[in-house]
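curious how this folds, go ahead:
(one chain, ligands or ions: 2)
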Amino acid sequence: MTVEKSPHLTVLDSRTQKTYVLPITNNTVNAIDFRSIVPPSGKSNPADTSEAGLTVLDRGFLNTACIESSITYIDAPRGRIQYRDQSIDHLFENNDYEEVLHLLVFSHLPTPEEKETFRRALSEEMTKVPEVVKQVIQAFDPKSSTSAMILAGLSAYAAVDEGSQALHSSAKPHYHGRMAAVDAAVVRTLAAAATTIAAVYCHKRGKPLTPADPSGSFIGNILLMMGHVDEDGKPSRRVEGCLKRLWILYADHEMTNSTAAMLHASSTLTDPISASIAGIVSAYGPLHGGAIDLAYRGFQQIGTPENVPALIGAVKARKQRLFGYGHRIYKVVDPRTHYIREMITEYATDDKLDELPFLKVALEIDRVASNDPYFTSRNLKANADLYGALLYSSLGFETDTIVAMAVMSRMGGAMAHWKESMGQSTILWRPQQVFTGLVM
Ligand SMILES: CC(=O)SCCNC(=O)CCNC(=O)[C@H](O)C(C)(C)COP(=O)(O)OP(=O)(O)OC[C@H]1O[C@@H](n2cnc3c(N)ncnc32)[C@H](O)[C@@H]1OP(=O)(O)O
Ligand SMILES: O=C([O-])CC(=O)C(=O)O
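Numbers count the residues shown, from 1 in each chain. Ligands and ions are numbered 1, 2, ... in the order given. Next up, the predicted model:
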């Protein structure tokens with residue numbers, strides 16, 4: 001079949017009156033095909049934008065896909081999310097986080113034996129905390145930034161991990177196309193992130209890191225290491241019961257800024273712990289995962305629902321953003337929001353009822369914003385971060401830890417993307433710029 005008969009885009013360049021036929025596959029055009037559209041001079045000079053073949057300018061990647069993936073599908077207009085071939089609504093009702101993690105990384109829900117094997121592999125790795133990781137974290141003033149301490153702890157992990165050590169010892173890639181090595185590294189990276197976050201949490205509170213239980217669950221072990229335990233010394237059943245559902249909602253969200261940052265770094269074939277550091281740096285920025293914390297701090301500052309109009313006024317006057325509101329891809333309410341809101345009342349305990357006034361503040365912000373033309377005309381709706389911190393707080397997590405927990409809940413998805421990229425042909429991610437200065 002000729003290109004003209006298959007789906008295609010016909011482009012007429014008014015500068016040259018030439019017509020170009022660009023194939024459309026899977027509702028996409030290949031950006032590199034635009035390079036064949038050359039200026040009147042007929043020359044292609046990449047050093048001068050006006051002379052080069054046509055380039056696609058997409059500031060902020062508003063409409064550029066950078067990878068083909070079969071992990072997560074988001075139907076943004078309808079507000080539906082699916083992991084692999086399962087809707088998150090179904091997973092949320094019928095599965096737990098470990099099963100969903102397995103689904104993301106290994107493409108299928110586990111059998112009971114597979115679940116147990118995966119759990120054991122993760123918990124065994126969590127029992128091995130390199131001494132240098134503890135030392136690096138302990139070197140920090142406990143009042144230091146949690147996120148920066150986590151990056152340092154993970155760097156210490158990378159320093160001793162076989163994957164990063166192998167990078168410079170052989171010209172052959174250590175991971176690319178070597179899926180058994182990739183699977184082992186996924187487990188090590190998840191365990192490293194979990195242990196680092198727990199160690200930072202403990203150091204900030206001046207308490208020792210409890211060793212992981214080799215037969216414990218992934219989330220149970222994070223709580224155990226942190227000291228979130230019941231009277232019998234077992235991981236808090238209430239908190240684990242909540243997180244193993246909540247983290248299903250956060251486990252992946254396709255090509256987010258942090259997932260893309262992690263994949264950008266790993267496209268150089270660096271190791272997954274180092275690539276995760278790149279992802280985490282991006283994840284804690286205010287416009288992305290850091291919004292969960294800023295939304296909550298906003299509630300604390302406002303204090304009571306009566307003060308909400310003043311906040312909305314400041315947002316409309318462009319003095320500040322409304323954190324927990326707006327989303328790059330959703331123009332409807334984020335589909336995870338109603339689950340999170342329901343879980344707050346389900347899991348809040350009496351001793352945390354004094355936190356619930358902030359729930360009233362959040363609900364009032366949402367009510368006022370969702371009826372205000374500034375927000376409605378821009379399709380700005382609540383995102384998953386509006387209520388997320390309230391839930392963590394009602395579970396007993398202080399604000400200095402919430403972003404770290406949110407980052408942890410996304411690590412499984414990040415690892416699924418890393419694994420997928422290691423099974424595809426290698427291509428270095430290297431965007432272009434449009435030079436607007438004087439060409440000498
Ligand atoms: C887990 C997560 O990462 S979910 C996202 C968490 N982030 C936040 O909650 C931070 C607050 N939200 C935002 O800053 C934005 O909505 C983002 C960054 C999430 C998405 O931004 P974009 O897709 O680039 O939206 P964009 O900036 O084009 O917004 C369109 C318009 O709405 C405005 N707008 C968007 N979000 C907000 C907001 N939260 N508060 C006030 N105004 C907003 C923009 O200023 C812009 O107005 P303009 O057209 O008059 O200039
Ligand atoms: O998808 C995004 O851009 C932001 C994100 O991580 C999420 O909503 O969970």
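
can we go C-alpha only for contacts and neighbour counts from here?
OK.

of all of this protein, which residue lies closest to ligand 2?
Distance from ligand 2 to each residue of the chain (CA to the nearest ligand atom) is smallest for residue 256, at 4.4 Å.

enumerate the residues of the stretch 201-350 of the chain near ligand 1.
Residues of the stretch 201-350 of the chain that fall close to ligand 1, judged by CA under 6 Å from any ligand atom: 287-289, 291, 315, 321-328.

what's the closest of those residues to residue 194?
residue 289 (17.0 Å; CA to CA).

domains of the protein?
Domain assignment for the chain, taken from automatic domain parsing, gives 8-56, 72-287+404-422, 291-394.

what about the host helix or strand of residue 93, distance to the chain center?
Element membership for residue 93 (DSSP states H and E) is helix 88-94. The chain centroid and the centroid of helix 88-94 are separated by 20 Å under CA atoms, centre = their mean, to the nearest Å.

for it, packing partners?
Other helices and strands packing on helix 88-94, by 3 or more CA pairs under 8 Å, 6 or more residues apart in numbering; DSSP states H and E, are helix 237-250.

returning to that earlier point: quick one: closest of the domains of the chain to residue 436.
domain 8-56 (8.8 Å).

could you give the mean pLDDT of that closest one?
Taken as a whole, domain 8-56 has a mean pLDDT of 87.

which of the residues in stretch 165-176 are buried?
Across stretch 165-176, burial judged by 16 or more other CA atoms under 10 Å covers 166, 167, 174, 175, 176.

oh, that last question was meant for stretch 60-75, not what I typed.
Buried residues in stretch 60-75 (16+ other CA under 10 Å): 71, 72, 73, 74.

redo those residues as a markdown table? Include secondary structure.
Formatted as a markdown table, the buried residues of stretch 60-75 follow (DSSP: H, G, I helix; E, B strand; the rest coil):
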| residue | secondary structure |
| --- | --- |
| 71 | coil |
| 72 | strand |
| 73 | strand |
| 74 | strand |
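
on that earlier part again, out of the residues of the stretch 201-350 of the chain next to ligand 1, which end up buried?
Among those, those classed as buried by 16+ other CA under 10 Å are 287, 288, 289, 291, 315, 321, 322, 323, 324, 325, 326, 327.

per-residue pLDDT of the second one, please?
At residue 288 the predicted local distance difference test score is 97.

do the same with the fourth one
For residue 291, the pLDDT comes out at 97.

ok, it - contacts?
For residue 291, the contact set (CA atoms under 8 Å, 6 or more residues apart in numbering) comprises 285, 323, 324, 385.

next, it: phi, psi?
The phi/psi pair for residue 291 (degrees, to the nearest 10) reads phi -60, psi -30.

measure it to residue 321 for me?
According to CA to CA, to the nearest Å, residue 291 and residue 321 sit 10 Å apart.

then the fifth one?
As defined by CA to CA, residue 315 lies at a distance of 5 Å from residue 321.

quick check, the residue in the stretch 101-250 of the chain closest to ligand 1?
For the stretch 101-250 of the chain, CA to the nearest ligand atom, closest residue to ligand 1: residue 250, 8.1 Å.

number of nearby residues for that residue?
Around residue 250 there are 20 other residues, counting by other CA atoms under 10 Å.

residue 313 too?
So residue 313, with other CA under 10 Å, has 12 neighbours.

pull up the residues of the chain that are close to ligand 2.
Going by CA under 6 Å from any ligand atom, the residues of the chain near ligand 2 are 253, 256, 328.

quick one: average pLDDT of the helix or strand where residue 150 lies?
Assigning secondary structure by DSSP H and E places residue 150 in helix 146-160. Helix 146-160 comes out with an average pLDDT of 97.

pLDDT added to the buried residues of stretch 165-176, as TSV?
Below are the buried residues of stretch 165-176 laid out as TSV (pLDDT from 0 to 100):
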residue	pLDDT
166	84
167	83
174	91
175	95
176	94
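
can you classify the closest residue to residue 424 other than its chain neighbours as helix, strand or coil?
Excluding the flanking residues, the one nearest residue 424 by CA to CA, 6 or more residues apart in numbering is residue 177, at 7.5 Å. When classified by three-state DSSP, residue 177 comes out as coil.

got the confidence number for residue 303?
In this model, residue 303 is scored at 94, pLDDT.

that one - how many residues pack around it?
For residue 303, the neighbour count with other CA under 10 Å is 15.

please, where are all the strands along the stretch 1-150 of the chain?
In the stretch 1-150 of the chain, the strands defined using DSSP state E, counting those that start in this stretch lie at 8-13, 18-25, 28-29, 72-75, 80-83, 86-87.

worst-scoring helix or strand of the protein, pLDDT-wise?
None of the helices or strands of the chain scores lower by mean pLDDT, DSSP states H and E than helix 162-166, at a mean of 85.

by contact count, what packs against it?
Helix 162-166 sits against helix 272-283, with contacts defined as 3+ CA pairs under 8 Å, 6+ apart.

mind saving the C-alpha coords of the helix it packs on as CSV?
This file holds the C-alpha atoms of helix 272-283, laid out as CSV (Å, rounded to 0.1, in the frame of the first residue of the first chain):
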residue,chain,number,x,y,z
PRO,A,272,18.3,2.4,38.0
ILE,A,273,19.2,3.7,41.5
SER,A,274,21.0,6.7,39.9
ALA,A,275,18.2,7.2,37.4
SER,A,276,15.7,7.1,40.3
ILE,A,277,17.6,9.9,41.9
ALA,A,278,16.9,12.0,38.8
GLY,A,279,13.2,11.1,39.0
ILE,A,280,12.9,11.9,42.7
VAL,A,281,14.5,15.3,42.2
SER,A,282,11.8,16.1,39.8
ALA,A,283,9.1,14.4,41.9
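
give me the mean pLDDT for it.
98.

residue 287 versus residue 323, what's the distance?
Using CA to CA, residue 323 is found at 8 Å from residue 287.

which element is the nearest residue to residue 208 once chain neighbours are set aside on?
Leaving aside its chain neighbours, residue 208 sits nearest to residue 202 (6.0 Å; criterion: CA to CA, 6+ apart). Element membership for residue 202 (DSSP H and E) is helix 179-204.

got the buried residues of stretch 165-176 as JSON lines, with distance to residue 367 columns?
Shown next, in JSON lines, are these (distance: CA to CA, whole Å):
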{"residue": "166", "distance to residue 367": "54"}
{"residue": "167", "distance to residue 367": "52"}
{"residue": "174", "distance to residue 367": "52"}
{"residue": "175", "distance to residue 367": "49"}
{"residue": "176", "distance to residue 367": "49"}
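
biggest separation within the residues you listed, which pair?
Once CA to CA is applied, the buried residues of stretch 165-176 give 166 and 176 as the farthest pair, at 12.5 Å.
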